[in-house]
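S.K.: following is a predicted model, sequence given first.
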Amino acid sequence: MLNPCRFDMTSTPSVMRSIASSFRDSLVPPMFSSSLVGGVAASLQKAQSPLRKSNVFASYQDQRSTDTALRDIVERQLLRRSGANIKAIPTKVVAAAATVLPLSPSQRDFVERQKLRLSQKIRDVNNTHRVKACARAWSDWRRAIDLRKRTDAAATTLQRFVQTVSCRDRVARRIKQRLQQRERQVHVRRVVHLCARRQTRAALAQWRTYSVECVVVNVLQTHIALSFQRKHVVQTTFDRWRNVWSASVLRKRTLHRLLRHVTSAATRKALVTWHAWRLEREVLAAFTKAQDEQTKHKLLVQAMTAQSQAEATAWSDQAKESSEHVQREAALTARIATLTTQLHEWTSKSKADAAVQTEAGASASAARTALLMEASFADDKKTAIDTESTLRKQIHDLEMSMADVKRRDDVKKSVESTATQDQTMGLMEDLSKREATLLQTKIDALERDVREREAAQLKMVLAHDVAVSQWTAKCQALEATVTTLEAR
């Protein structure tokens, strides 16, 4: 971009027209279309380097008065030159122009010199710009030729690739992406432009409209969802009622068939026969069990009799052994008493001898007597201790034998206290009678259960009929509700 404070002679309209007329013949060849030329010019304008520094004399730069004077002089000079080419110029106009500005000879010489100087400068400028324009036109023409060649080569390559489906798809996708990107960019630019120009009211109105549309869409979706949910609930309820009704019908038919079979005479007879057969089997099993128990009791009595005989024999042997032990214990007790008596006698005798003896031989006699008594007492004490330990061991064995005998007596008493074989048979007969009574009670209970089940089945049938009627009323109410909702 040119600096507006710096004068450039080529920027004046007259100089531009002169330059255009001077290199009109060096324009871009006519073989390119206007659009191509415009595209080439635009592409070249982007690639061009910044403008060079002006070649005008330095004294004419940055001076507004000089610029204005030079511009006026150049325009008058160009007017004079262009007027020289006009053949028919009215003399009145020339005379009027001559009489407008009367100049002195020195002024006319100065003007002529200035005109010659400016003419030379203009010729130099025209020549310089003509050469530059020709060079630029030649370079533009060469670039256009190269661009056309590259365009033809690219078109040929694209023509080859476009024939394939993959290239077409890629091109289509790329075009779609570019279009979407452009749309987004246009939308973003529009929004930014509106915000920058403080036209947010339109954007807010647009957003409000979009929000209202969203609310309407949400309400519509909610209405559709609720309608679908109501229809789904009605359909589910109807399907459930239909399933319950079909199941109730099947159950009713089954109950009627079961009631008919139960109430029929043949069924009752078969049921009674089956109960009798079952009772017979139970009685037979009870008698078999009683016989097994009787056999077990017999074997138990025989085993207990043999055991009691063996225990009696063992008891007699144990009684003999215990009597021998008792006799031995009595003999030992008598011997212990005899030894104790002798000990007391020896003690009293030693005391009497000690009282009779004199004081001189009392100590020797007492010592000798004490030694003798200690020796005899130690022997007797050892013998008594051994005898006592033996007797204690024998007493312990006797106690254990007595405990065994007592246990055997208890077992014998318990065996004797049990019932005999006849009593056992009587007990078994009583047990069989009790079992027969229990079986009769069970039969009565079964008959009572059958009657109660029949009554319960009748109650269930009646309750089922009531439930079916209730479900029918509910379904009718639901149908009326659905009709009302559909009407709304």
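M.R.: That came in fine, so what should we check first?
S.K.: and the helices in the stretch 251-400 of the chain?
M.R.: All helices of the stretch 251-400 of the chain, identified by DSSP state H, counting those that start in this stretch, fall at 265-356, 359-417.
S.K.: which of the ones you listed has the lowest mean pLDDT?
M.R.: The minimum mean pLDDT among the helices of the stretch 251-400 of the chain belongs to helix 359-417 (a mean of 64).
S.K.: can you pull out the low-pLDDT segments for the stretch 51-200 of the chain?
M.R.: By pLDDT under 70, the weakly predicted segments of the stretch 51-200 of the chain are 51-70, 78, 81-103, 122, 125-126, 129-130, 162, 191, 194-200.
S.K.: helices along that one, start to end?
M.R.: Along the stretch 51-200 of the chain, counting by DSSP H, counting those that start in this stretch, helices occupy 64-84, 91-100, 105-162, 165-196, 200-263.
S.K.: can you put those in a markdown table and add mean neighbour count and distance to Leu438?
M.R.: Every C-beta, even on glycine, is put in place using the N, C-alpha and C of the backbone. Output for the helices of the stretch 51-200 of the chain, formatted as a markdown table (neighbours: other C-beta atoms under 10 Å; distance: least, C-beta to C-beta, whole Å):
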| stretch | mean neighbour count | distance to Leu438 |
| --- | --- | --- |
| helix 64-84 | 13 | 143 |
| helix 91-100 | 9 | 160 |
| helix 105-162 | 13 | 104 |
| helix 165-196 | 11 | 94 |
| helix 200-263 | 11 | 26 |
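S.K.: out of these, flag the one nearest Val450.
M.R.: Nearest of those to Val450, taken as C-beta to C-beta: helix 200-263 at 7.6 Å.
S.K.: packing partners for that closest one?
M.R.: Under the contact criterion of 3 or more C-beta pairs under 8 Å, 6 or more residues apart in numbering; DSSP states H and E, helix 200-263 touches helix 165-196, helix 421-487.
S.K.: now these in a markdown table, with distance to Met304?
M.R.: Below are the helices and strands packed on helix 200-263 laid out as a markdown table (distance: least, C-beta to C-beta, whole Å):
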| stretch | distance to Met304 |
| --- | --- |
| helix 165-196 | 109 |
| helix 421-487 | 12 |
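S.K.: tell me which of the ones you listed approaches Asp410 most closely.
M.R.: Asp410 sits nearest to helix 421-487 of all the helices and strands packed on helix 200-263, at 20.8 Å, using C-beta to C-beta.
S.K.: now do that closest one against helix 265-356, angle only.
M.R.: Angle, helix 421-487 to helix 265-356, by axes from the mean of the first three to the mean of the last three C-alpha atoms, to 10 degrees: 130 degrees.
S.K.: I'd like the average pLDDT over helix 421-487.
M.R.: Averaging pLDDT along helix 421-487 yields 74.
S.K.: so what does it touch, helix or strand wise?
M.R.: If you count contacts as 3+ C-beta pairs under 8 Å, 6+ apart, helix 421-487 packs onto helix 200-263, helix 265-356.
S.K.: take the ones you listed and write them to CSV, including distance to Ser119.
M.R.: As requested, the helices and strands packed on helix 421-487 are exported to CSV (distance: least, C-beta to C-beta, whole Å):
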stretch, distance to Ser119
helix 200-263, 61
helix 265-356, 146
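S.K.: Gln77 is nearest to which of the ones you listed?
M.R.: When the helices and strands packed on helix 421-487 are compared by C-beta to C-beta, helix 200-263 sits nearest Gln77, at 57.1 Å.
S.K.: give me the angle between the closest one and helix 265-356.
M.R.: Taking the same axes, to 10 degrees, one finds helix 200-263 and helix 265-356 inclined to each other by 90 degrees.
S.K.: please report the distance of Trp245 from Arg253.
M.R.: If you measure Trp245 against Arg253 using C-beta to C-beta, to the nearest Å, the figure is 13 Å.
S.K.: actually Lys115, sorry about that
M.R.: Lys115 is 133 Å from Arg253, by C-beta to C-beta.
S.K.: what of Arg178?
M.R.: For Arg178, the distance to Arg253 - C-beta to C-beta - is 75 Å.
S.K.: quick revisit: Asp239 is nearest to which of the helices and strands packed on helix 200-263?
M.R.: helix 421-487 (11.4 Å).
S.K.: picking up where we left off before, of the helices and strands packed on helix 421-487, give the one that comes closest to Asp72.
M.R.: Of all the helices and strands packed on helix 421-487, it is helix 200-263 that lies closest to Asp72, at 51.8 Å by C-beta to C-beta.
S.K.: surely Lys115 touches Gln77?
M.R.: Yes - the criterion here is C-beta atoms under 8 Å, and Lys115 meets it with Gln77 at 5.9 Å.
S.K.: quick one on the thing from earlier: and the helices and strands packed on helix 200-263: which comes nearest His344?
M.R.: Proximity to His344 (C-beta to C-beta) singles out helix 421-487 among these, at 65.2 Å.
S.K.: okay if I get the helices of the stretch 51-200 of the chain as CSV plus distance to Lys298?
M.R.: Formatted as CSV, those follow (distance: least, C-beta to C-beta, whole Å):
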stretch, distance to Lys298
helix 64-84, 157
helix 91-100, 176
helix 105-162, 115
helix 165-196, 106
helix 200-263, 48
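S.K.: tell me which of those lies nearest to His344.
M.R.: Among the helices of the stretch 51-200 of the chain, the nearest to His344 by C-beta to C-beta is helix 200-263 (105.2 Å).
S.K.: hang on, the earlier thing: out of the helices and strands packed on helix 200-263, flag the one nearest Gln221.
M.R.: For those, proximity to Gln221 was assessed by C-beta to C-beta; helix 421-487 is nearest, at 18.0 Å.
S.K.: ok so, going back, for the helices of the stretch 51-200 of the chain, which one sits closest to Val283?
M.R.: Closest among those, using C-beta to C-beta: helix 200-263, at 26.2 Å.
S.K.: what angle separates the closest one from helix 165-196?
M.R.: 120 degrees.
S.K.: dump stretch 446-465 to CSV, restricted to CA.
M.R.: The C-alpha trace of stretch 446-465 is given here as CSV (Å, rounded to 0.1, in the frame of the first residue of the first chain):
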residue,chain,number,x,y,z
LEU,A,446,-58.3,-89.2,55.4
GLU,A,447,-62.0,-89.3,54.7
ARG,A,448,-62.4,-86.1,56.7
ASP,A,449,-59.6,-84.5,54.6
VAL,A,450,-61.2,-85.6,51.4
ARG,A,451,-64.5,-84.0,52.4
GLU,A,452,-62.7,-80.8,53.5
ARG,A,453,-60.8,-80.8,50.2
GLU,A,454,-64.0,-81.1,48.3
ALA,A,455,-65.5,-78.3,50.2
ALA,A,456,-62.3,-76.2,49.7
GLN,A,457,-62.4,-77.0,45.9
LEU,A,458,-66.0,-75.8,45.8
LYS,A,459,-65.0,-72.6,47.6
MET,A,460,-62.1,-72.1,45.2
VAL,A,461,-64.5,-72.5,42.2
LEU,A,462,-66.8,-69.9,43.7
ALA,A,463,-64.0,-67.6,44.5
HIS,A,464,-62.6,-68.1,41.0
ASP,A,465,-66.0,-67.1,39.5
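S.K.: please renumber so the chain begins at 47
M.R.: OK, 47 is where the count begins now, so the last one is stretch 492-511.
S.K.: next, the buried residues of it.
M.R.: Neighbour counts over stretch 492-511 (16 or more other C-beta atoms under 10 Å) mark no residue as buried.
S.K.: what lies in contact with that stretch?
M.R.: Here stretch 492-511 makes contact (C-beta atoms under 8 Å, 6 or more residues apart in numbering) with Ser294, Arg297, Lys298, Leu301, His302, Leu304, Leu305, Val308, Thr309, Leu317, His321.
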